[in-house]
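Engineer: Fold the following.
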Amino acid sequence: MTDDPTATQALPEDPALATAVLEIEAHVAADGWDQPARLYALVDTAELVAQEPALAAMMSIDGPGDDGSLTPIEQDGLPPGQELEDALHSIAWPETVAGCAAVIERLVLPPDVDDDIPDDPAAAELFAREHPDRQEVRMVAGVTRAGASYCALRLRAHDDEMSVVNGTELVPGLLELLHATLHDTPTENT
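Structural biologist: The predicted model follows:
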């Protein structure tokens, strides 16, 4: 232990959520790049073992784990041709789901080129793909009903476990969409 009062600021808001997000990131990273978006339900491990022992056994979970631990359960694919961010507007989780997490890969550009990005979506995508300073990033974002959030980011240019950046608010827009799936009634896009 340290007497440094700032030392606890680096700890995640919810260690169980952080563990689940980092677990998902490592699992997805093992499959390489250029993957479709993925969505996970996060369920209380003890409740999963008690209520779904066959599923827990199939997932090689032989006990409740640490108190409050979360088990990620990958959901079936998103509708073809629909971006995850759009699909999240029509998703609502049942009360038995303690949280959720999403994985997306995106091209990111430095902030100083924001004014140069075309308004047309197709032209903007081409601009991003051809920009010399683009970075490919995989983002894993997770949230809980209690309001906790955690993220992990991996750049393709620095594709190793030691270079994964993580923290509680790294992808605020995606976190907001995920929180809404736990608390809001889904709306249809018009």
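Engineer: contacts, neighbours, all on C-alpha from now
Structural biologist: Will do.
Engineer: How about the residue nearest the centre of the chain, nearest residue that isn't a chain neighbour?
Structural biologist: The geometric centre of the chain, computed from its C-alpha atoms, lies nearest to residue 141 (Cα atoms, centre = their mean), at 2.4 Å. In space, residue 141 comes closest to residue 151 once its chain neighbours are excluded; the distance is 4.3 Å by Cα to Cα, 6 or more residues apart in numbering.
Engineer: tell me the contacts of that neighbour?
Structural biologist: By Cα atoms under 8 Å, 6 or more residues apart in numbering, the contact set of residue 151 is 18, 21, 139-142, 166-171.
Engineer: If we use 10 Å, what do you get?
Structural biologist: 12, 17-18, 21-22, 25, 101-103, 139-143, 165-172, 174-175 (Cα atoms under 10 Å, 6 or more residues apart in numbering).
Engineer: Now residue 17: which helix or strand?
Structural biologist: Taking DSSP states H and E as the definition, residue 17 sits inside helix 15-29.
Engineer: which stretches of this protein form helices?
Structural biologist: Here the chain has its helices, by DSSP state H, at 15-29, 45-51, 53-58, 84-87, 121-130, 172-183.
Engineer: Using TSV, lay out these together with mean pLDDT and mean neighbour count.
Structural biologist: Output for the helices of the chain, formatted as TSV (pLDDT from 0 to 100; neighbours: other Cα atoms under 10 Å):
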stretch	mean pLDDT	mean neighbour count
helix 15-29	95	20
helix 45-51	79	17
helix 53-58	69	14
helix 84-87	90	16
helix 121-130	81	13
helix 172-183	94	19
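Engineer: Any idea which of those helices gets closest to residue 157?
Structural biologist: Ranking the helices of the chain by distance to residue 157, with Cα to Cα as the measure, places helix 15-29 first at 13.3 Å.
Engineer: Determine the set of other helices and strands touching the closest one.
Structural biologist: strand 38-44, strand 70-74, strand 99-108, strand 135-144, strand 149-155, strand 165-167 (3 or more Cα pairs under 10 Å, 6 or more residues apart in numbering; DSSP states H and E).
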